[in-house]
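In: can't give you the sequence, but here's the structure:
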């Protein structure tokens, strides 16, 4: 007999959002008659009794930080439940399948995981010896599942409320925010991105009515802002625009943000005035670097000048552009890093760049396209499998020293809630010191009216190393032990 809690789905980190990584699998499992329990260790403490009674524990690992935390969670699960089946699923699970299966996992699922997870649950229930389709076991690695799924509404009822997650900060207020996905995968092949090794340039749209239904549920839960959490919302511009128009008709005061490549901002510049009128506050774009050399090495598909063109397109439309950055790569020089800081200051972007982006170091996970299509191997000194990346050294030792100093400063600033201008100034001083130069006085632009641009309150990023605070839920137990 199927009992509530026979299946436990764990999430560890999804960028300060309610985790769709377990909400959608939960919906699939419920359609199949299972009654999964959900636990989000980003905002909840580890629950030993839930872990101890589950026959199947699924751990969602859509990004590097989640994987690092997920392995620690799996060890805690195994302590409480030696006979339970532990399955890792999501983007980073498939990239690290062999190692996970040799250490903490009984099975691994990559790609579009929901149907395979239901198949696994059914196989475990029936006691069949053969592995479920799309499910890797030790000695039997399967390719990622790459087929469009008929996605139902995600099951959010068992998740913590929106007040536990990142909120929209605007005009001195904090408003509840929710995140949805209108597509999965990506049609682009940037070398440093973990999506291409799994999806190979494929992307799948989520039906418009499913997306709108999910937004309705979030609005009922109090959301006044929506994040489109797609890897790139403009991979399918017609689909995206249809959703935005329907959203604005139904909820004319609801605001939103999305992620898009610089080249998509340039290509679809004519859409931006309508996106702004429909409620778009800001767009996140993987700028990564302002060095054309680095951009070429990463096969980003844009140039330094393209970034400034995209900034102008967004600014004219009335939309803020928030760059994400990979500030430290083997090809980035100290002069490049200082130039990036000076551009951020000159373009009045200090409040648009979360400080963690100034500390991001190029992540080279197992399976990365960088390993075969770049010269990254000439900088590496081996795979650090327990931490899930290839270690590399910069040819200029000053850059590695600067990275360590900036990383420590950023983690301290985020922990203390320091003002971004102060953090930026400290990082600039560290950079000038690394260059052996005296600090120059600088006068950054002041935003109109002194107002800070709209932003979400999550201060960390997917490919940054986890903080001590993020590991804390695995060290603490729920007060009731449930």
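Out: Ah, there it is. Since this is a predicted model, take the numbers as computed values, not measurements. Numbers count the residues shown, from 1 in each chain.
In: Please enumerate the helices of the stretch 151-300 of the chain.
Out: All helices of the stretch 151-300 of the chain, identified by DSSP state H, counting those that start in this stretch, fall at 195-199, 208-220, 237-250, 262-267, 272-277, 292-297.
In: With residue 397 as the reference, name the closest of those.
Out: When the helices of the stretch 151-300 of the chain are compared by C-beta to C-beta, helix 292-297 sits nearest residue 397, at 18.7 Å. All C-beta spots, glycine's among them, are computed from the backbone N, C-alpha and C.
In: just to revisit the earlier point, the helices of the stretch 151-300 of the chain into CSV, with extra columns for mean pLDDT and distance to residue 451?
Out: Putting the helices of the stretch 151-300 of the chain into CSV (pLDDT from 0 to 100; distance: least, C-beta to C-beta, whole Å) gives the following:
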stretch, mean pLDDT, distance to residue 451
helix 195-199, 94, 35
helix 208-220, 98, 26
helix 237-250, 98, 24
helix 262-267, 98, 23
helix 272-277, 98, 17
helix 292-297, 98, 32
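In: Deepest-packed of these, please.
Out: Per residue and on average, the most neighbours among the helices of the stretch 151-300 of the chain fall to helix 195-199, with a mean of 22 (mean count of other C-beta atoms under 10 Å).
In: list the helices and strands that helix packs on?
Out: Contacting helix 195-199 under the criterion 3 or more C-beta pairs under 8 Å, 6 or more residues apart in numbering; DSSP states H and E are the following elements: helix 91-95, strand 183-185.
In: ok, then the element right after the first one?
Out: Put plainly, it is helix 91-95. helix 97-103 (DSSP states H and E).
In: if we can go back for a sec, so can I have JSON lines of the helices of the stretch 151-300 of the chain showing distance to residue 140?
Out: As requested, the helices of the stretch 151-300 of the chain are exported to JSON lines (distance: least, C-beta to C-beta, whole Å):
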{"stretch": "helix 195-199", "distance to residue 140": "18"}
{"stretch": "helix 208-220", "distance to residue 140": "33"}
{"stretch": "helix 237-250", "distance to residue 140": "36"}
{"stretch": "helix 262-267", "distance to residue 140": "39"}
{"stretch": "helix 272-277", "distance to residue 140": "46"}
{"stretch": "helix 292-297", "distance to residue 140": "36"}
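In: Out of those helices, which is closest to residue 310?
Out: helix 262-267 (4.2 Å).
In: which residues are in contact with the closest one?
Out: 232, 234-235, 237, 272, 283, 285-287, 300-302, 306-307, 309-310, 313-314, 321 (C-beta atoms under 8 Å, 6 or more residues apart in numbering).
In: Separate out the buried members of these.
Out: 232, 234-235, 272, 283, 285-287, 300, 302, 306-307, 310, 313-314, 321 (16 or more other C-beta atoms under 10 Å).
In: So for residue 323, what's the nearest residue that isn't a sequence neighbour?
Out: Nearest residue to residue 323, sequence neighbours excluded (C-beta to C-beta, 6 or more residues apart in numbering): residue 287, at 3.8 Å.
In: Correct me if wrong: the one you found contacts residue 306.
Out: No - if you go by C-beta atoms under 8 Å, residue 287 and residue 306 don't touch, sitting 9.4 Å apart.
In: Per the annotation, how does this structure divide into domains?
Out: Domain assignment for the chain, taken from automatic domain parsing, gives 7-149, 167-457.
In: was I right about residue 54 contacting residue 9?
Out: No - if you go by C-beta under 8 Å, residue 54 and residue 9 don't touch, sitting 9.2 Å apart.
In: In terms of neighbours, single out the busier of the two.
Out: Using other C-beta atoms under 10 Å as the criterion, residue 54 and residue 9 rank with residue 9 on top: 28 against 24.
In: Next, the contact list for that one, please.
Out: Residues near residue 9 by C-beta under 8 Å, 6+ apart: 22, 25-26, 29, 36-39, 57-58, 60.
In: Return the subset of the residues you listed lying in strands.
Out: Among the contacts of residue 9, the ones falling in strands (DSSP state E) are 37-39, 57-58, 60.
In: In the stretch 51-200 of the chain, what residue spans correspond to strands?
Out: Applying DSSP state E, counting those that start in this stretch to the stretch 51-200 of the chain gives strands spanning 56-60, 85-89, 107-109, 167-170, 173-180, 183-185.
In: Can you add mean neighbour count and give those strands back as TSV?
Out: Formatted as TSV, these follow (neighbours: other C-beta atoms under 10 Å):
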stretch	mean neighbour count
strand 56-60	28
strand 85-89	27
strand 107-109	29
strand 167-170	20
strand 173-180	20
strand 183-185	24
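In: Tabulate these in CSV, adding columns for mean pLDDT.
Out: Formatted as CSV, these follow (pLDDT from 0 to 100):
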stretch, mean pLDDT
strand 56-60, 98
strand 85-89, 98
strand 107-109, 97
strand 167-170, 97
strand 173-180, 98
strand 183-185, 96
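In: Those: which one's closest to residue 432?
Out: Set against residue 432 and scored by C-beta to C-beta, these come closest in strand 167-170, at 30.0 Å.
In: from the middle of its chain, how far away would that closest one be?
Out: Strand 167-170 has its C-alpha centroid displaced from the chain centroid by 18 Å (C-alpha atoms, centre = their mean, to the nearest Å).
In: what sits up against it?
Out: 174-177, 224-225, 255, 281, 452, 454-457.
In: partners of that strand in the sheet?
Out: Strand 167-170 has the following strand partners under DSSP bridges: strand 173-180 (antiparallel), strand 455-456 (antiparallel).
In: quick one: which of the ones you listed is nearest residue 424?
Out: Of all the strands paired with strand 167-170, strand 455-456 comes closest under C-beta to C-beta, at 14.4 Å.
In: Could I get the average pLDDT for the closest one?
Out: The average pLDDT within strand 455-456 is 95.
In: same deal with stretch 402-411?
Out: 95.
In: How about stretch 312-325?
Out: 97.
In: and that stretch, how far apart are its ends?
Out: 19 Å (C-alpha to C-alpha, to the nearest Å).
In: now do stretch 435-453
Out: Where stretch 435-453 begins and where it ends lie 31 Å apart, using C-alpha to C-alpha.
In: And stretch 347-360, by the same measure?
Out: 21 Å.
In: same deal with stretch 374-385?
Out: The first and last residues of stretch 374-385 sit 20 Å apart, counting by C-alpha to C-alpha.
In: Name the residues that touch it?
Out: 96, 99, 191, 297, 330, 364, 366, 370-371, 389-395.
In: Would you mind giving me the ChimeraX syntax to select the buried ones in those?
Out: Only the buried entries of the contacts of stretch 374-385 go into this ChimeraX selection, using 16+ other C-beta under 10 Å:
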select :96,99,191,297,330,364,366,370,371,389,390,392,394
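In: Counting only strands, which of the contacts of stretch 374-385 make the cut?
Out: Those of these lying in strands (DSSP E): 389-392.
In: Fine, thanks again, bye for now.
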